[in-house]
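Asks: based on what follows, work out the 3D shape:
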Amino acid sequence: MLHILFARRYRRFCSFILIPLVIFMILVLTFLPDRLDILDPAHKNSPKAESLNSDVFESQIDDSHIELETRTQVPIFREDSRLGNFEPPKSLRKSRVHRPGDYGKKISLDELDVDPNEVSAKKNEYGMNMVASDHIPMDRIIPDIRHEECRHWDYPERLPSASVVIVFHNEGLTTLMRTVHSVLIRSPRRFLREVLLVDDFSDKENLHAQLDDYIMDHFGAFKMSWKPDLNDRASISGETLADRSGKVRVIRNKQRLGLIGSRAHGAKEALGEVVVFLDAHCEVNINWLVPLLAPIAANNRTMTVPIIDGIDSNTFEYRPVYQRDKHFIGIWEWGMLYKEQSLNLEEHLRNHRFSEPYESPTHAGGLLAISRHFFFELGGYDDGLLVWGGENFELSFKVWQCGGRLLWVPCSRVGHIYRPFMPYGFGKLAQKRKGPLVLINYKRVIEVWFDPDYKQYFYTREPMAQFYDAGDISKQLQMKERLQCKSFDWFIQNHAKSIFIDFPRLPPNIGWGELRSLAHKSLCLDSPSAHPPSVIMLSGCHGSGGNQLFRLNEKGQLGLGERCVDADNNNVFLTYCKLGTVDGPWRYNQETQQMLNKDQCLSYHDSQLLLAECSDDDRNQKWYWHQVKPKRH
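Replies: Down below sits the predicted model:
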């Protein structure tokens, strides 16, 4: 009897105690790997990170707070003011610890014991204040400057996986690693397949073994939720860092490829369904990734672009670039310099919330997300574009003209350091083209994607471009034909018509080149600077164009690059061209060889250019155009 009673009690014990306990342990073991990055004691001594187990993660995104019952297929705005399903809890947004640079505040080196000479040397070496960067935690808190609506969107839980591709060449180690830390901290692990660093043949010692060691020490605990296929695309060329269990890996170019070539290399190696390109000196903001992925999940022929915030290259202050109550779109002027234009917000808000993604003709180029399959269907980046420049236009034009769309995403914010100068050259890549690389890249883009009527605007604005060889574009033209891409005029009329508001069609030039003095034939109009209000003077003609390459159009606009030339009673000077206009006060008299501004003539007296009363006999008022061509080396 006793043994029967014991057996019954044992069965009850198993039913009510042991079975739930076993289920609980299974659940713990299932979800534990997702939290190993916080439990890993190796992170406790992370330099400047303080570390990956502290409470300073104001925006750590994990799966624990996501409402699993939500099954939205498209983004839905929560009218009840509750936080969206991928928003971090408010408890994770603030820290009890205040460290240098937290909350995006500027660094004051006056408060630090640093050598001013070292600061200056590092600025020259990196194009930014690396001494300040080295004092900022890798996981610093940055301000959430999104529009309030962004906190109340529910996004689909089934989104494509993303490979974040970051190209670097001789980048500062702490700015590079802060970029990586921010991506890992502020991205849902279920969607972040990897962070792929592409080393474009760096020669700085700390970007080799030291970088590898740092990644192994700090990011090895970020586990992948998939098992590697040894036959997949991984690292066909270059080296791979660590094994596939890490979120971060490095591939190294065996020669310098430039930004464009290195991004193409990274996209080929990427394992995610979506490729997200970031520059090597960024900090992503709260919940940045999901809003980029959601439009691609809805339509995989979509390219999405985050809103870029500014990080000061000297103080590392994080601040918005754009006005909070406005949206902007990417356009260009006819010399192919990237510009932006205010979006017609009244029209946008008729059918959309302020925080919803919106169409843009183009983008700045550095930061974007695109389906890997769609990217390569479009041919990836044109491999004839060297180093950097023009790739933003090339990708934008073919996305639009070949059946895709480009969206700017207000709820995705990424901080970016704008360097005042490029701290390194192009190396041997510069020898692959006879002429200025960026201008030749622009020519290559317009020869593939512009209609003939639009090409003339580029050559009017950049007349010397006609003499440069853009290389073989047959492959790009064949791809354009194969995909049955639409005309450039179709793109303009349907998606970029507003460009003419700021940059109208250019009238033809009646003269361009060096404007030489008839009295002093070795002297040309010259601008010491390309920036207004630079005073125009006469200097020795050098035949290289540049700041001596002027042009005069049929409507009287005298221009130098993207600037205009104006004059008063004392000086002739550069000024900003008035948006939306192509006319000006200048006229060239072919018979008298005088350059007139209204009823006065351009004169050279006492080593100064000025406007004076016209005199047909004064040789110092006579000028002639001398066309220049690229010098043959």
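Asks: helix or strand with the lowest mean pLDDT in this structure?
Replies: Among the secondary structure pieces of the chain, namely its helices and strands, helix 36-39 has the lowest mean (mean pLDDT, DSSP states H and E), a mean of 28.
Asks: what's the following helix or strand after that one?
Replies: Note on helix 36-39: by DSSP states H and E, the next helix or strand toward the C-terminus is strand 76-77.
Asks: what strands line up against that following strand, and which way round?
Replies: Strands that pair with strand 76-77, judged by DSSP bridges, come out as strand 153-154 (antiparallel).
Asks: mind checking how far the partner strand is from the chain centre?
Replies: In terms of CA atoms, centre = their mean, to the nearest Å, the centre of strand 153-154 is set 26 Å apart from its chain centre.
Asks: other residues contacting that strand?
Replies: Counting by CB atoms under 8 Å, 6 or more residues apart in numbering, strand 153-154 makes contact with 70, 72, 75, 76, 77, 78, 84, 85, 291, 355, 411, all of which sit outside it. Any C-beta I mention is one placed from the backbone N, CA and C, and that applies to glycine too.
Asks: need the three-state assignment for the last one.
Replies: In other words, residue 411. Remark: residue 411 carries the secondary structure label strand [criterion: DSSP: H, G, I helix; E, B strand; the rest coil].
Asks: contact partners for it?
Replies: Residues in contact with residue 411, defined by CB under 8 Å, 6+ apart, are 146, 147, 149, 150, 153, 287, 291, 355.
Asks: switch to 6 Å and redo it
Replies: With CB atoms under 6 Å, 6 or more residues apart in numbering as the criterion, the residues that contact residue 411 are 146, 150, 291, 355.
Asks: derive a PyMOL selection command for the buried subset of those.
Replies: Those of the contacts of residue 411 that count as buried under 16 or more other CB atoms under 10 Å are selected in PyMOL with:
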select buried, resi 146+150+291+355
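Asks: report pLDDT for the residue nearest to the spatial centre of the chain.
Replies: Nearest to the mean C-alpha position of the chain, by CA atoms, centre = their mean, lies residue 366 at 1.9 Å. As predicted, residue 366 sits at a pLDDT of 89.
Asks: and the nearest residue to residue 509 once chain neighbours are set aside, how far is that from residue 136?
Replies: In space, and not counting its chain neighbours, residue 509 is closest to residue 551: 4.9 Å by CB to CB, 6 or more residues apart in numbering. As defined by CB to CB, to the nearest Å, residue 551 lies at a distance of 46 Å from residue 136.
Asks: again with residue 282
Replies: Distance from residue 282 to residue 136, by CB to CB: 14 Å.
Asks: who has more neighbours out of those two?
Replies: Taking residue 282 and residue 136 together and counting by other CB atoms under 10 Å, residue 282 has the greater number of neighbours (27 against 20).
Asks: dump the residue contacts of that one.
Replies: Contact criterion CB under 6 Å, 6+ apart gives 179, 414, 416 as the residues in contact with residue 282.
Asks: neighbour-wise, give me the winner out of these.
Replies: Among these, residue 179 has the most neighbours (other CB under 10 Å), with 28 neighbours.
Asks: that residue belongs to a helix, doesn't it?
Replies: Yes: secondary structure assignment places residue 179 in a helix (three-state DSSP).
Asks: what sits opposite the spatially closest residue to it that is not a sequence neighbour in the beta ladder?
Replies: Across the structure, with CB to CB, 6+ apart as the measure, the residue nearest residue 179 apart from its sequence neighbours is residue 282 (4.9 Å). Counting by DSSP bridges, residue 282 is bridged to residue 416.
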